[in-house]
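**Student:** need a structure here:
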Amino acid sequence: MSATAESVKSKSKTAEKVEEAPKKSKKKLFLIIGLVVLLIGGYEAKSILMKTVYKPGQAVPAGKIFPLDQLTVNLSDGHLVQVSISLQLTAVAVPTTISNDQPRIENSVIQILGEQTYQGLLAPAQRQVVQTAILKQCQKITGTVDGAAEQVSAVYYTGFVIQ
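**Tutor:** The predicted structure follows:
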């Protein structure tokens, strides 16, 4: 054989080796992808399994305070009451749900206050009864989350004027 034929053969063998070199095993890639999927799955499983579930009557930590619009209501005896109310949300409450329910909550407040009289609301005990009725109605409207946790834990008067 001639020297040129041998150099062509050696060059073709070198070219074959170069072409074979990029064909590495994809085991490493599959191992990395599998590890990432396992970590993400473990994190999601932890968040689901470790989530606090509240039982009926169990105390739930307080969350944000959600103010309602100021309302002016005609009382049953012709007088007016102007009231500002804020709702104490629990830590598990969903503020967007409360925002969506705000018109229904305000309607309930108007109905509850509209049944009252001027003389009745002058007594602090009756204002407390009304406050409790508003709380129960808010809890009924907003429902529960995370087991049996109420979304609204208290109702506060932030302004109260009777005329």
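
**Student:** can you list the domains in the protein?
**Tutor:** Following automatic domain parsing, the chain resolves into domains at 3-49, 62-162.

**Student:** Go through those domains and find the least confident stretch.
**Tutor:** Sorting these by mean pLDDT places domain 3-49 lowest, at a mean of 68.

**Student:** returning to that earlier point: out of the domains of the chain, indicate the one that is most buried.
**Tutor:** Across the domains of the chain, averaging neighbours per residue (mean count of other CB atoms under 10 Å) puts domain 62-162 on top, at a mean of 16. No exception for glycine: its C-beta is placed from N, CA and C like everyone else's.

**Student:** Just the terminal-to-terminal distance for that one.
**Tutor:** One end of domain 62-162 sits 30 Å from the other (CA to CA, to the nearest Å).

**Student:** Distance-wise, check the spatially most central residue of the chain relative to Gln88.
**Tutor:** Nearest residue to the geometric centre of the chain (CA atoms, centre = their mean): Val94, 3.8 Å. Distance check for Val94 against Gln88: by CB to CB, to the nearest Å, it reads 15 Å.

**Student:** now Gln82
**Tutor:** Per CB to CB, Gln82 is found 21 Å from Gln88.

**Student:** the longest helix in this structure is where?
**Tutor:** Secondary structure of the chain per DSSP state H: the longest helix is helix 27-49.

**Student:** Identify the residues contacting the residue nearest to Leu71 when sequence neighbours are not counted.
**Tutor:** Spatial nearest neighbour of Leu71, excluding adjacent residues (CB to CB, 6 or more residues apart in numbering): Val83 at 5.5 Å. By CB atoms under 8 Å, 6 or more residues apart in numbering, the contact list for Val83 reads Gln70, Leu71, Val73, Val109, Leu113, Tyr157, Gly159, Phe160, Val161.

**Student:** Right, I'll leave it there.
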